[in-house]
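Asks: Give me coordinates for this.
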Amino acid sequence: MDKNLFGRFENQAVFIKTLQKPAMDGAQKAALNRKGNRLYNAGDIEGARRIFLTTGYSDGLVRIGDYYKSKGRKLDALRMYWIAPDKTKSESIIMELSALIKNLIHEDEEPPHVK
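Replies: Alright, predicted model coming up:
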């Protein structure tokens with residue numbers, strides 16, 4: 001990747017999202033996952049989410065998704081399930097959202113006029 005591409009962001013406090021996961025060995029990953037579990041159990045859901053996303057810990061991501069779903073944050077839950085990946089849980093939300101969109105489309109259609 002061309003490092004000059006991000007040159008305009010030097011000396012700025014910005015976060016640049018990449019698709020590459022940091023290199024870590026199994027012990028580092030396990031230690032981070034334990035820390036994420038401690039954060040989750042202590043109620044720091046967002047801290048745990050960041051760790052689980054970094055390590056790709058699917059069980060943790062599913063638990064975060066379950067938490068979001070319980071709070072009515074279905075799109076956030078879908079994102080966690082999709083990344084995990086948990087096809088069963090993501091499909092149930094996709095079906096719900098599909099039904100919602102279908103209903104919205106039909107609401108916008110005008111009923112035929114009765115003469």
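Asks: now the helices: where do they sit in the protein?
Replies: Secondary structure of the chain (DSSP state H): helices at 26-41, 45-55, 58-70, 74-83, 87-108.
Asks: Switch those over to JSON lines; also include mean neighbour count and mean pLDDT.
Replies: C-beta: built from backbone N, CA, C; applies to glycine. Below are these laid out as JSON lines (neighbours: other Cβ atoms under 10 Å; pLDDT from 0 to 100):
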{"stretch": "helix 26-41", "mean neighbour count": "15", "mean pLDDT": "96"}
{"stretch": "helix 45-55", "mean neighbour count": "18", "mean pLDDT": "95"}
{"stretch": "helix 58-70", "mean neighbour count": "19", "mean pLDDT": "97"}
{"stretch": "helix 74-83", "mean neighbour count": "19", "mean pLDDT": "96"}
{"stretch": "helix 87-108", "mean neighbour count": "12", "mean pLDDT": "91"}
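Asks: How about Glu96: what's its closest non-neighbour residue?
Replies: Closest residue to Glu96 apart from its sequence neighbours, by Cβ to Cβ, 6 or more residues apart in numbering: Lys74 at 7.0 Å.
Asks: quick one: contacts for that neighbour?
Replies: 68, 93, 96-97 (Cβ atoms under 8 Å, 6 or more residues apart in numbering).
Asks: How about Val62?
Replies: 80-81, 84, 86, 89.
Asks: let's go with 6 Å and repeat that
Replies: Counting by Cβ atoms under 6 Å, 6 or more residues apart in numbering, Val62 makes contact with 84, 86.
Asks: how far away is it from Leu39?
Replies: In this view, Val62 and Leu39 are 16 Å apart by Cβ to Cβ, to the nearest Å.
Asks: do the same with Asp25
Replies: 21 Å.
Asks: burial count for Ala42?
Replies: Using other Cβ atoms under 10 Å, Ala42 has 10 other residues around it.
Asks: From Ala48, how far out is it?
Replies: Distance, Ala42 to Ala48, by Cβ to Cβ: 9 Å.
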